[in-house]
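Novice: can't give you the sequence, but here's the structure:
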């Protein structure tokens, strides 16, 4: 939604793994990544159109960004899980409930988060799995992974048809507060269309953030993510109150 671009990032060959297993380096447009290696990633759909990303917390619970729900009709929303392809494959399940954080205000990062409750449970397999929330926020300098189908060039709105991933380093957020994680965008960042997607700690592949507000890589060089570690109590209580 608010992210403008996704540019390539080359760092240690993105885990320096075999090209058929981990993200592949590209010059521009991030790195292709198989859904088997990020099976918690989903696409949030308005009817059949991708609008945002999301992360699987359980077979009926998805986390996304609060701004992804603005001006959306609940009856139009569903998610696609288990496919690296933007518009086909995997499992498509309707959204039953969509609950944004009660403190979320338009275009403010600290509480830009929402819980989605699915009408029916996802079927877990090698391409569809939940992700656990990390127990602590990673310190400045730690490398993380953000994934999505957002735009791949500056100032465009074209969603890439194959899932992309990019490594970003945690940086200081200044006065943004503990509910926000910031990441360096100078060599790579999330883009428009990546909002709501997962920011994952590389040491154990646990969820630390949700894509929220971003910036052009030519500007201040800082992307903003909702800190899921600091909001875990809200997430847990919201799930308990809204799922039978």
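Specialist: Okay, I see it. Source: prediction; values computed, not measured.
Novice: As a check, name the ranges of all strands in this protein.
Specialist: When assigned using DSSP state E, the strands of the chain occupy the ranges 24-25, 31-32, 41-46, 49-58, 61-64, 77-81, 91-100, 114-118, 143-148, 164-171, 180-184, 198-201, 206-211, 222-227.
Novice: closest to residue 127 out of these?
Specialist: Ranking the strands of the chain by proximity to residue 127 (CB to CB) places strand 77-81 first, at 7.7 Å. The way it works is simple: take the backbone N, C-alpha and C, and place the C-beta from them, glycine included.
Novice: rewinding a little: mind telling me which of the strands of the chain the model trusts least?
Specialist: Ranked by mean pLDDT, the strands of the chain bottom out at strand 24-25, with a mean of 30.
Novice: For residue 89, see how far away the closest residue to residue 114 other than its chain neighbours is.
Specialist: Nearest in space to residue 114, with sequence neighbours left out and distances taken as CB to CB, 6 or more residues apart in numbering, is residue 100 at 4.2 Å. Relative to residue 89, residue 100 is positioned 28 Å away (CB to CB, to the nearest Å).
Novice: do you know which of the strands of the chain lies nearest residue 106?
Specialist: Closest among the strands of the chain, using CB to CB: strand 91-100, at 10.8 Å.
Novice: can you tell me which residues contact the residue nearest to residue 117 when sequence neighbours are not counted?
Specialist: Counting by CB to CB, 6+ apart, residue 97 is the residue found nearest to residue 117 once chain neighbours are left out, at 4.0 Å. With contacts defined as CB atoms under 8 Å, 6 or more residues apart in numbering, residue 97 is in contact with 74, 115-117, 242.
Novice: cutoff 10 Å now
Specialist: Under the criterion of CB atoms under 10 Å, 6 or more residues apart in numbering, the neighbours of residue 97 are 60-61, 74, 77, 114-119, 238, 242-243.
Novice: Select from those residues the one having the most neighbours.
Specialist: Within the contacts of residue 97, most neighbours by other CB atoms under 10 Å means residue 116, with 28 neighbours.
Novice: Show me what that one is bridged to.
Specialist: The residues listed as beta-bridge partners of residue 116 by DSSP bridges are residue 62, residue 98.
Novice: Residue 53 is in contact with that one, correct?
Specialist: No. In this structure, residue 116 is not within contact of residue 53 by CB atoms under 10 Å, at 11.7 Å.
Novice: and for those two, which residues touch both?
Specialist: With CB under 10 Å, 6+ apart as the test, residue 116 and residue 53 both reach 42, 44, 62-64, 68, 79, 196.
Novice: Turn these into JSON lines, including neighbour count.
Specialist: Listed next are the shared contacts of residue 116 and residue 53 as JSON lines, based on neighbours: other CB atoms under 10 Å:
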{"residue": "42", "neighbour count": "32"}
{"residue": "44", "neighbour count": "27"}
{"residue": "62", "neighbour count": "26"}
{"residue": "63", "neighbour count": "29"}
{"residue": "64", "neighbour count": "31"}
{"residue": "68", "neighbour count": "27"}
{"residue": "79", "neighbour count": "23"}
{"residue": "196", "neighbour count": "32"}
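Novice: Just send those residues back as a markdown table, with distance to residue 226 too.
Specialist: Conversion of the shared contacts of residue 116 and residue 53 to a markdown table gives the following (distance: CB to CB, whole Å):
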| residue | distance to residue 226 |
| --- | --- |
| 42 | 16 |
| 44 | 15 |
| 62 | 14 |
| 63 | 9 |
| 64 | 10 |
| 68 | 12 |
| 79 | 18 |
| 196 | 9 |
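Novice: Okay, residue 232 and residue 226: tell me how far apart.
Specialist: Between residue 232 and residue 226 the distance, using CB to CB, works out to 11 Å.
Novice: And residue 100 and residue 89? Which one has more around it.
Specialist: In terms of neighbours (other CB under 10 Å), residue 100 is the more surrounded of residue 100 and residue 89; the figures are 20 against 14.
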